[in-house]
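1. kindly generate the corresponding structure for this input.
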Amino acid sequence: MIIPEKLKNNDEIRIIAPSRSLKLISEECRDYANRCFAEMGLKVTFSKNCEISDDFMSSSIEERIEDLHEAFADKNVKCILTVIGGFNSNQLLRYIDYDLIKSNPKILCGYSDITALSNAIYSKTGLVTYSGPHYSTFGMKKGIDYTIEYFKRCLFSKDEYKIEPSKMWSDDLWFLEQEERNFYKNSGYKSLGSGRVEGKIIGGNLCTLNLLQGTEFMPDLTETLLFIEDDGMTSPEIFDRDLQSLIHQPNFEKVRGIVFGRFQIESKMEEKLFEKIISTKAELKNMPIIYNADFGHTTPHITFPVGGYGEISSGEKIEIIIKKH
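-> Here you go, the predicted structure:
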């Protein structure tokens, strides 16, 4: 396991677009994001090709690889942050110079489609990567404080930290309307099974992680804690089969526990239905499981290490602790 250096005041972060383009992000959102990073004491630079947009709202494989390699090779860059998610970061996996990355370890952070990239890089190099907010996420005017707090806890400090549930959450198109937002009171963590377990954290977006199945890029699931979520394009039926597909992977029987991120409203995943799906999986019987955690496609977001270590408790006492990261 290679843990990259933590961020400090005046560090440079590089914005890259391994999935969809910066061209999608409004000037207003960029302005808010840039001010947010300035307040954190970070300098923002942008990759050469991050604003190119083709028929798939992306740049070419060659252009995206060039930006990724340049960001890792640049000694001034301490953190690489992705613009936004999308559908095609897995196109890059066979073209990445993993030796370059291993020789120049630094923070890589993003979520959603970036799950393929972060888990593949960890699997191939041992470099801990991070599932957390995109550059575009920091363009949010309201409801961003919790996201910033856990971004800092994970990426600025080596100390272990407990993840407390957010007080409020949202699932709206905030980037279209920054003022009229819909926030809901958070009911907190829920759990199934009971127990306290530690393990190596693997995961992110479930349907994207599943793209790595059967490839050299899929991380080993031995002695892991899975942190997984899915977006509004899923449904109870799709989630059921995607989870089952992950359960069929080698060494799943050695998984120690699972944390599920909050489902989007559009998925129509009600609590009783979720619990029924889990109850049909014999492999999950008696496994410590926590759900309704603050990561995924609702806001706010925690940041967690892919390849780092955590500890969870389910049952009477429900806790999520990030340890080695």
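2. all helices of the protein, in order?
-> Secondary structure of the chain (DSSP state H): helices at 27-39, 61-73, 98-103, 114-125, 145-155, 206-209, 236-247, 271-279.
3. what is the last one packed up against?
-> Spelled out, it's helix 271-279. strand 190-192, helix 236-247 (3 or more C-beta pairs under 8 Å, 6 or more residues apart in numbering; DSSP states H and E). Using the backbone N, CA and C atoms, a C-beta is placed for each residue, glycine as well.
4. domain assignment for the protein?
-> With domains defined by automatic domain parsing, the chain comprises 12-159, 162-322.
5. quick one: terminal-to-terminal distance for the longest one?
-> Taking C-alpha to C-alpha, to the nearest Å, the first and last residues of domain 162-322 lie 6 Å apart.
6. can the helices of the chain go into CSV with extra columns for distance to residue 229 and mean neighbour count?
-> Listed next are the helices of the chain as CSV, based on distance: least, C-beta to C-beta, whole Å; neighbours: other C-beta atoms under 10 Å:
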stretch, distance to residue 229, mean neighbour count
helix 27-39, 22, 15
helix 61-73, 24, 19
helix 98-103, 25, 14
helix 114-125, 9, 25
helix 145-155, 15, 20
helix 206-209, 7, 24
helix 236-247, 10, 16
helix 271-279, 12, 14
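7. with mean pLDDT and distance to residue 321 added, can I get the ones you listed in TSV?
-> Converted to TSV, the helices of the chain look like this (pLDDT from 0 to 100; distance: least, C-beta to C-beta, whole Å):
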stretch	mean pLDDT	distance to residue 321
helix 27-39	97	26
helix 61-73	98	30
helix 98-103	98	28
helix 114-125	98	20
helix 145-155	98	11
helix 206-209	98	22
helix 236-247	97	23
helix 271-279	96	22
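8. what's the closest of these to residue 178?
-> Taking C-beta to C-beta, helix 27-39 is the member of these nearest to residue 178, at 7.3 Å.
9. which other helices and strands does the closest one contact?
-> The helices and strands touching helix 27-39, judged by 3+ C-beta pairs under 8 Å, 6+ apart, are strand 43-46.
10. what residues sit buried inside the strand it packs on?
-> Buried residues in strand 43-46, counted by 16 or more other C-beta atoms under 10 Å: 44, 46.
11. what does that strand rub up against?
-> Strand 43-46 has contacts (C-beta atoms under 8 Å, 6 or more residues apart in numbering) with 10, 11, 12, 13, 14, 15, 22, 33, 34, 37, 38, 77.
12. can you give me how far stretch 59-78 is from the chain middle?
-> 20 Å (C-alpha atoms, centre = their mean, to the nearest Å).
13. ok so, going back, closest one to residue 187 among the helices of the chain?
-> Per C-beta to C-beta, nearest to residue 187 of the helices of the chain: helix 271-279, 9.0 Å.
14. just to revisit the earlier point, distance to residue 230 added to the helices of the chain, as JSON lines?
-> Converted to JSON lines, the helices of the chain look like this (distance: least, C-beta to C-beta, whole Å):
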{"stretch": "helix 27-39", "distance to residue 230": "24"}
{"stretch": "helix 61-73", "distance to residue 230": "24"}
{"stretch": "helix 98-103", "distance to residue 230": "27"}
{"stretch": "helix 114-125", "distance to residue 230": "10"}
{"stretch": "helix 145-155", "distance to residue 230": "19"}
{"stretch": "helix 206-209", "distance to residue 230": "5"}
{"stretch": "helix 236-247", "distance to residue 230": "6"}
{"stretch": "helix 271-279", "distance to residue 230": "11"}
